[in-house]
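# Generate a structure from the sequence data that follows.
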Amino acid sequence: MIVSMIQIIFEIPHADTIKAKRRLVHSIKEKLRRKFRMSAAEVDLHDSLSFAQIGGALVSNSKTFGETVLMKAFEMIEKETPVRIQDMSIYSEEF
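Alright, predicted model coming up:
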């Protein structure tokens, strides 16, 4: 069993309230869940108005498959959401 994980830190330049930030973060998490069938959660920077950190995970039987799906998920966030990516990392572990 391979667990592939992604962590993304991004800036939300147009969020003027915590509510607006949370709405956008929730939208991103739902897109990841629906389109890529992966788990996703806001894992840090909860109280920051301008920044968010999302973590995601996908279980598969192939490191290549898992990391490819996560890379596509990252590209979707980069292209379809109004955020500025600050940091991104992908990691896989075999159990």
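# distance of Thr68 from Val43?
Plainly put, Thr68 is 22 Å away from Val43 if you go by C-beta to C-beta, to the nearest Å. For every residue, glycine as well, the C-beta is placed using N, CA and C.
# could you pull out the helices for this structure?
For the chain, the helices defined by DSSP state H cover 18-36, 63-80.
# Would you mind saying which of those lies nearest Ser4?
helix 63-80 (2.9 Å; C-beta to C-beta).
# The closest one: how far from the chain's middle?
Put simply, helix 63-80 sits 9 Å off its chain's centre (C-alpha atoms, centre = their mean, to the nearest Å).
# And for stretch 34-53?
6 Å.
# again, but for stretch 70-87
The answer for stretch 70-87 is 8 Å, by C-alpha atoms, centre = their mean.
# Give the buried residues for that stretch.
Leu70, Ala73, Phe74, Ile77, Thr81, Val83 (16 or more other C-beta atoms under 10 Å).
# Between which two of the residues you listed is the distance greatest?
Greatest spatial distance among the buried residues of stretch 70-87 (C-beta to C-beta): Leu70 and Val83, at 16.9 Å.
# now the residue nearest the centre of the chain: how far from Met1?
Nearest residue to the geometric centre of the chain (C-alpha atoms, centre = their mean): Ile54, 4.5 Å. To Met1, Ile54 is 23 Å away according to C-beta to C-beta.
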